[in-house]
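>>> Provided below for reference: sequence and predicted model.
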Amino acid sequence: MARCTFCGMLIEKGTGLMYVKTDATIFHFCSRKCEKNLLKLQRKPRETTWTVDYKKAKKEAEAAKHDAKEKRDAKKLKHDADEKTEKKTEAIKTQKNDSKKTAEKTEKKKTEKSAEKNNKTPKK
């Protein structure tokens with residue numbers, strides 16, 4: 001089973017065309033569509049969207065873009081400024097947590113005092 005010279009699809013026995021040029025180059029085509037695109041219209045298989053070569057080229061291009069992005073991301077390093085800001089944010093967070101805890105303690109004390117005042121009744 002041969003492959004189509006233009007689209008790259010398998011050609012079943014008994015179907016397709018064989019075109020032989022005068023310089024002895026042989027082209028196998030699965031259909032008239034492929035023959036016309038290559039010989040008459042002189043189209044390139046890598047630029048025609050429905051061919052196997054186009055699909056392979058597109059996959060390779062996407063993979064190359066993905067690899068380049070990964071390399072760029074890997075090259076990014078943390079700078080000292082980033083570390084300093086991280087330390088500052090952590091310090092601020094701990095301060096906020098401490099202030100919340102102290103506020104909660106004062107609220108508890110106030111509620112306890114008010115409860116004690118309400119519970120105390122004058123003795124007769």
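Great, that's in hand. What you are looking at is a predicted structure, and each value in this text was computed from that prediction instead of being measured.

>>> In the protein, which residue is most central in space?
Nearest residue to the geometric centre of the chain (Cα atoms, centre = their mean): residue 66, 7.8 Å.

>>> Next one: it from residue 31, what distance?
Here the distance between residue 66 and residue 31 works out to 34 Å (Cβ to Cβ, to the nearest Å). From N, CA and C alone the C-beta is placed, and that goes for glycine too.

>>> just residue 109 next, same as before
Counting by Cβ to Cβ, the gap between residue 109 and residue 31 amounts to 89 Å.

>>> What sits closest to residue 16 if chain neighbours are left out?
Closest residue to residue 16 apart from its sequence neighbours, by Cβ to Cβ, 6 or more residues apart in numbering: residue 30 at 5.0 Å.

>>> Could you check the pLDDT of residue 102?
Note on residue 102: pLDDT of 82.
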